[in-house]
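Student: Would you be able to build a 3D model of this:
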Amino acid sequence: MRASPRLLTCFGLLLTTLAGAACHDDDGQHASAGQPPTVGFVALPGATTGAAGISVAIAFSADDPDSVASCDVVAVQHSAIVGAALEETIASGLVEQNGAELAVVWNTGGVEPGAWRIEVRIDDGENFVVATAPTLVQLSQPSGGAVQLISEGDGGGLQPLAIHTTEADDVEAVYSTAVLDSFGGVVVYGAGQPNAAQFAPTPMVEDFVIARHAADGTLAWADRSFGAVSASAGLGVTRVYGVALSSTGAQPVVAGVYDGSVTFALGKPQQTTLPFVPHDGPRGFFLARWSDGGALVHARHGTGLANDKLDVEGFTHDGAPAALVVGSHASGGATLGAGEPHQTVVDSGFFAGGWVARFGGDGELDWALALPHAVPGADGQGAVTHVTRLSNGEFAVAGTFTGTVAFGLPAAIAKTASPGGVDAFVASITVGGALNWIETIGGAGADVQVHGLAGLDGGAVAIAIEHRNGAIEFAPGTPGAITLPAPDPFRAFALATFASDGALFWARDQILETDGADVETGPHMTAVGGSLLALAWGHEKEQPGELVVIGGGGPGSIPVAFSGEYALMVAVIGPSGIPLQALADGGGEGEPVVRGVSHGPSSGIDVLVRPYGPLTLGFGTGDPLEVPVDDTLVIARYGEF
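Tutor: A predicted model of the protein is given here:
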């Protein structure tokens, strides 16, 4: 059985119920009035926990004093989605044997994961008796999934940075080609494919590659940056965050920071070399756009002020075509759009701060603002780490802060973080840079970190966070505020959604770390179809038999089992925070390090993975992908929605 087609059809399965037939006399007629039938016991003598596909033994006795009756054995699971019970008929028309033991086996192949209640039902026309097994059957998603290899790179020092699925279900990704101390090696993208691209990393330079992969998994094109090393220029180091598309879905755009000297489209008509930036000075900022066919359209440059270290943290398109970029800066501020008509200095004095900037389709700065920024006389600081476009055409940004900071100009809103903790914020801003609303997440002594931001239908926004060291409150001081308890003893990972006006819809822990299971990388989040959310992360299991419970143990939680030490986890979360589906993938000794997740209009869930050690994706399916070496990058596509 393949796991991911079930991921595709989960809604159809949830809406299809199998009603157990009423028990009857063996001649098909209801028994006359009399004594009610009895069920002596219901037992599950074998395994009751495991991946869907296991066999569950069921034993019971039944007796009807007035006639020879038959009965049905069913499995029942409650669905919060359709508000009714799901039923699987295990056996029907079994003839009772005057109290003697009867035994059946339930083959759970193709059954929805979750907790199932076993019932034996007898109906003699006058009396209806239901006996329930004392133990629930806990089924997890089987390991494996329909994995389609999108990209394979082979060489030294590879690091995946970002992924985006286009409107045509193509996949674009950005990779770092080398680390500073890596020498030699060859990097191959789309290995064995007609358009395979091969690059030799420059020693002591960290370049990047942007690659587009067609919906069928083949490489369409790839291009790279070229750093340079010289005694006078220092190291040419390129650091890249974010991939976004124009409104046509055809032009990928990359934003990032760099040191030294960086050239785009080397040896081509579009060759562009950005101004030299000293390695020990402020970082340079760049925004580069490629055509649908992979030709460089432009590469723009901006820089920070003296003693500043500018970082680009997040990036999205705004449909103009233009780009909205967010980031952070060290004390001393930063200059964006240097030398352009709308050149802007974002400054938080002696403290680090965040910034949001909009760049037009030609790469020039439209506007920039500091958010959050310092409040005179206070010691607050913060950064913007995530940005997403909303369905109403506006934007949401998120990040973290400490102390007292201000959001928005000129009418700033001041916020003070919880005592002794690091708080998160989520805010909505207009295309012109005005602040619509802002809410915070935090608690005394608690540390909060943002992992993802996604736009949903109706201008709503979802945020994924990690929290530790104390209880946290979402939207404190509002009527709809929600508090989540302190995770015990490690970290918890939660999701929450806010309406277009900032009202909190719901907040819920989705993953709880335990003594025997740890989140290693992620979780990363993407929106699916405007109302659902997908999570992808790497998980490590330290104790045999440890289950990963998606949903934090609340209503509808899904226990997931996997056989090895590591697993690539994928989960789909419903509109109210209730998990809909989850799977664990990965076989072998390798650790799947998840670096991003994305979803297209009709594609499945695309996961960007950097394996450490031999790894099998699609484990347990008929078409697994063997990843035999460490230095390989993979994009795996699970199912279709």
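
Student: tell me which residues in stretch 166-175 are buried?
Tutor: Neighbour-count burial for stretch 166-175, counted by 16 or more other Cβ atoms under 10 Å, picks out T166, D169, D170, V171, E172, A173, V174, Y175. Any C-beta I mention is one placed from the backbone N, CA and C, and that applies to glycine too.

Student: Redo these as TSV? Include secondary structure, distance to Q97 and pLDDT.
Tutor: Below are these laid out as TSV (DSSP: H, G, I helix; E, B strand; the rest coil; distance: Cβ to Cβ, whole Å; pLDDT from 0 to 100):
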residue	secondary structure	distance to Q97	pLDDT
T166	coil	63	80
D169	coil	57	79
D170	coil	62	83
V171	strand	59	83
E172	strand	65	83
A173	strand	63	82
V174	strand	67	81
Y175	strand	66	76
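
Student: tell me the contacts of the closest residue to D64 other than its chain neighbours?
Tutor: The shortest distance from D64 to any non-neighbouring residue, by Cβ to Cβ, 6 or more residues apart in numbering, is to P37 (3.9 Å). Residues near P37 by Cβ atoms under 8 Å, 6 or more residues apart in numbering: C23, A62, D63, D64, P65, A69, C71, E96, I122, D124, N127, V129.

Student: quick one: P37 and A75, what's the gap?
Tutor: 21 Å (Cβ to Cβ, to the nearest Å).

Student: Could you report the distance from the nearest residue to Q138 once chain neighbours are set aside to G564?
Tutor: Distances taken as Cβ to Cβ, 6+ apart place T49 nearest to Q138, at 4.5 Å, with adjacent residues excluded. Counting by Cβ to Cβ, the separation of T49 from G564 is 18 Å.

Student: I54 now?
Tutor: Remark: distance between I54 and G564 (Cβ to Cβ) = 18 Å.

Student: before we move on, what about I118?
Tutor: 30 Å.

Student: And these two? Which one has more around it.
Tutor: I118 (26 against 18; other Cβ atoms under 10 Å).

Student: what does the host helix or strand of the more buried one rub up against?
Tutor: Per DSSP states H and E, I118 falls inside strand 114-123. In this structure, residues lying in contact with strand 114-123 by Cβ under 8 Å, 6+ apart are 20, 22-24, 30, 37, 39, 42, 44, 56, 58, 60, 62, 64, 69, 71-77, 88, 90, 96, 106, 128-133, 136-139, 556, 558-559.

Student: I'd like the distance from it to the chain centre, please.
Tutor: 35 Å (Cα atoms, centre = their mean, to the nearest Å).

Student: Contact partners for the closest residue in space to E101 that isn't next to it in sequence?
Tutor: Excluding its sequence neighbours, the residue lying closest to E101 (Cβ to Cβ, 6+ apart) is S61, at 5.1 Å. Counting by Cβ under 8 Å, 6+ apart, S61 touches V39, G40, F41, Q97, G99, A100, E101, L102.

Student: And the residue nearest to W221 when sequence neighbours are not counted, how close does it get to I558?
Tutor: Distances taken as Cβ to Cβ, 6+ apart put G294 closest to W221, at 3.4 Å, once the chain neighbours are dropped. Distance, G294 to I558, by Cβ to Cβ: 41 Å.

Student: the more surrounded of those two?
Tutor: I558 (25 against 17).

Student: partners of that one in the sheet?
Tutor: I550 (DSSP bridges).

Student: Secondary structure element for T616, which one?
Tutor: strand 615-617.

Student: Which elements pack onto that strand?
Tutor: strand 591-599, strand 625-627 (3 or more Cβ pairs under 8 Å, 6 or more residues apart in numbering; DSSP states H and E).

Student: count of residues packed around K268?
Tutor: 11.

Student: what sits against it?
Tutor: By Cβ under 8 Å, 6+ apart, K268 lies in contact with A295, L296.

Student: got the phi/psi numbers for it?
Tutor: phi -110, psi 160 (degrees, to the nearest 10).

Student: related to what we said a few turns ago, for the strand holding T616, what is the average pLDDT?
Tutor: Mean pLDDT, strand 615-617: 80.
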